[in-house]
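S.K.: Quick check, what structure comes out for this input:
(one chain, ligands or ions: 1)
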Amino acid sequence: MKICVVGTGYVGLVAGTCFAESGNDVICIDNVAAKIETLRQGHVPIYEPGLEELIRRNVTEGRLAFSTDLRAAVRESLVCFIAVGTPSGADGAADLGAVMAVAAEIGRAMDGYRVIVTKSTVPIGTAERVRQAVASVTKQPFDVVSNPEFLKEGAAVEDFMKPDRVVIGTGSPRAIDVMRELYDPFVRTGNPILVMDNASAEMTKYAANALLATRISFMNEIANLCERVAADVDQVRRGIGYDRRIGHHFLFPGVGYGGSCFPKDVKAVIHTAHEHGMEFPLLNAVEDVNEAQKHRLVEKVVAEFGADLGGRRFAVWGLAFKPRTDDMREAPAITIVEGLLAQGAAIAVHDPEALHEARKAFGERVSYHRVNYEALDGADALLIVTEWNEFRRPDFPRMKRLLRRPIIFDGRNLYEPEVMREHGFTYFPIGRLAVRAA
Ligand SMILES: NC(=O)c1ccc[n+]([C@@H]2O[C@H](COP(=O)([O-])OP(=O)(O)OC[C@H]3O[C@@H](n4cnc5c(N)ncnc54)[C@H](O)[C@@H]3O)[C@@H](O)[C@H]2O)c1
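M.R.: Numbering: from 1, shown residues only. The predicted model follows:
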């Protein structure tokens, strides 16, 4: 099948590459010429495990190409995916500017039947708006399909190749056939392709992200209460996770959720509710809890060192909003580093993949370290913000030698408090009792 994917970001690049990998001819389109040029030269502008190898193979075998020429790509494709960004506007509503602009461009370029697919996360009713925008510029036949994406950054290729489910929103039998043909190779192990109306497909994506964000805020509140009543949130997490009605996923407390999806999608649901005369107090609380949680680690630092951090130096391990990505959009690390800088501290940061993104956020105000241990040199304490695997079993004696004081504020509960005490650290986890070096 011939496909074009408009928007070559975390979603579009992964989707386009994986469609090529299953044998389709794919053209990935972006309006940022530099990004397309980078890809043409064989470089991948984002970090996503397994993606580079897949891109190289499919480009070499002639199934995957990159271009800024949307018109030519639409002329060659039966299916046109829209995978551009839908950031929060000032009022919390998803900004559909890019989606609608691309829809109109596709409409103007069409020379026959097309399946136009919204893969971006879009508010309920967008498919209808896209249909009207396209119909206003072309007489050619087309269908609009809502096909939300559920991949996780850091495991995007695997998620796309083996989705838990595929959601296809459309009332058109012709479009359903096309979409089934496209997705059948990805669901050979029996996971379902769920066909529904456009509005329900659009709502499904928001409901999924809003529920996941709710679980995170819920566990962060439980963790904060655990600290006050001397309970251990890690025991509690196991205790509830074995309940099959609850399950083990998304029960880890931490420094609050970030990234390009949860914050904006929660805002968008609240906004949609308001538009329809409804309050959504639950999601307002989810947001408030998350905002507060992003400050917890700095509060713990201030409780230990006092509000004036002038002359202090802190190391921060982990900046990306989650491990195995370089994405720092809405990352809690930004709030944490800015909070420490505002109190006068000097900051040394390390992340295995996100240092180039961090430079955009912090400029010359922090020092950057490719090697995690180097950030510790002379620091008064270490803050762990992202749970990269390589932080799980570090060289504790080496860390102790490098740090001015052996203190760790762990926003991800990577270590056992008792073990840390044995190693001679003062250790502040989340929702578990802190321990002090003897
Ligand atoms: N990142 C995720 O984990 C994820 C997961 C599921 C769904 N989504 C949704 O998918 C959508 C895209 O997210 P993303 O993270 O890939 O965003 P992104 O910012 O990484 O990529 C968007 C791309 O679209 C391009 N673009 C913008 N306007 C364009 C235009 N008019 N013509 C051509 N290209 C244009 C941008 O240059 C950029 O490369 C969003 O709606 C997001 O909510 C994201």
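
S.K.: List the residues that contact Q343.
M.R.: V298, V302, A307, D308, L309, G310 (CB atoms under 8 Å, 6 or more residues apart in numbering). In short, each C-beta sits where N, CA and C put it, glycine included.

S.K.: My understanding was that the fifth one contacts L340; is that so?
M.R.: Yes - L309 is within contact range of L340, at 6.3 Å (criterion: CB atoms under 8 Å).

S.K.: Overlap of the contact sets of these two?
M.R.: Common neighbours of L309 and L340 are listed as V301 (criterion: CB under 8 Å, 6+ apart).

S.K.: Turn the contacts of Q343 into CSV, columns for secondary structure and pLDDT.
M.R.: What follows is these, written out as CSV (DSSP: H, G, I helix; E, B strand; the rest coil; pLDDT from 0 to 100):
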residue, secondary structure, pLDDT
V298, helix, 98
V302, helix, 98
A307, coil, 96
D308, coil, 97
L309, coil, 98
G310, coil, 97
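
S.K.: now those: which count as buried?
M.R.: V298, V302, L309 (16 or more other CB atoms under 10 Å).

S.K.: The ligand: which of the residues you listed is nearest?
M.R.: Taking CB to the nearest ligand atom as the measure, the ligand sits nearest to V298 out of these, at 26.6 Å.

S.K.: Please name the nearest non-neighbouring residue to the closest one.
M.R.: Of all residues not flanking V298 in the chain, G339 sits nearest, at 3.8 Å (CB to CB, 6 or more residues apart in numbering).

S.K.: same check, this time on P352
M.R.: Nearest non-adjacent residue to P352, counting by CB to CB, 6+ apart: W388, 5.6 Å away.

S.K.: Check the burial of the residue nearest to V298 by counting its neighbours.
M.R.: Counted with other CB atoms under 10 Å, residues neighbouring G339 total 18.

S.K.: what's the distance between K264 and V122?
M.R.: Counting by CB to CB, to the nearest Å, the separation of K264 from V122 is 12 Å.

S.K.: okay, these two: which has more neighbours?
M.R.: The residue with more neighbours, out of K264 and V122, is V122; 25 against 22, by other CB under 10 Å.

S.K.: what does this structure put close to the ligand?
M.R.: Those residues of the chain that sit near the ligand, judged by CB under 6 Å from any ligand atom, are 6-12, 29-32, 35, 83-86, 98, 101-102, 120-121, 149, 151, 153, 260-261.

S.K.: Show the buried residues in the residues you listed.
M.R.: Among the residues of the chain next to the ligand, those scoring as buried are 6-12, 29-31, 35, 83-86, 98, 102, 120-121, 149, 151, 153, 260-261 (criterion: 16+ other CB under 10 Å).

S.K.: Show me where the stretch 51-200 of the chain has its strands.
M.R.: Remark: strands assigned in the stretch 51-200 of the chain by DSSP state E, counting those that start in this stretch are 64-67, 79-82, 114-118, 142-146, 166-169, 193-196.

S.K.: Switch those strands over to JSON lines; also include mean neighbour count and mean pLDDT.
M.R.: Listed next are those as JSON lines, based on neighbours: other CB atoms under 10 Å; pLDDT from 0 to 100:
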{"stretch": "strand 64-67", "mean neighbour count": "21", "mean pLDDT": "98"}
{"stretch": "strand 79-82", "mean neighbour count": "27", "mean pLDDT": "98"}
{"stretch": "strand 114-118", "mean neighbour count": "27", "mean pLDDT": "98"}
{"stretch": "strand 142-146", "mean neighbour count": "24", "mean pLDDT": "98"}
{"stretch": "strand 166-169", "mean neighbour count": "22", "mean pLDDT": "98"}
{"stretch": "strand 193-196", "mean neighbour count": "16", "mean pLDDT": "98"}
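
S.K.: Mind checking which of the buried ones among the residues of the chain next to the ligand are in helices?
M.R.: Cross-referencing those against helices under DSSP state H gives Y10, V11, G12, K35, A98, V102.

S.K.: and I246, what helix or strand is that in?
M.R.: Using DSSP states H and E, I246 maps to neither a helix nor a strand.

S.K.: Go ahead and confirm it touches I240.
M.R.: Yes - if you go by CB under 8 Å, I246 and I240 touch, sitting 5.1 Å apart.

S.K.: just to revisit the earlier point, could you dump the contacts of Q343 into a markdown table with distance to H271 added?
M.R.: Below are the contacts of Q343 laid out as a markdown table (distance: CB to CB, whole Å):
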| residue | distance to H271 |
| --- | --- |
| V298 | 29 |
| V302 | 34 |
| A307 | 36 |
| D308 | 40 |
| L309 | 37 |
| G310 | 41 |
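
S.K.: Neighbours of R365, how many?
M.R.: For R365, the count of nearby residues is 11 (other CB under 10 Å).

S.K.: and if you look at R404?
M.R.: Look at R404: counted by other CB under 10 Å, it has 13 neighbours.

S.K.: quick thing: my sequence starts at 20, can you match it?
M.R.: Shifting the count to begin at 20 puts that one at R423.

S.K.: For the stretch 270-419 of the chain, which segments are assigned as strands?
M.R.: 332-336, 365-369, 386-387, 400-403.
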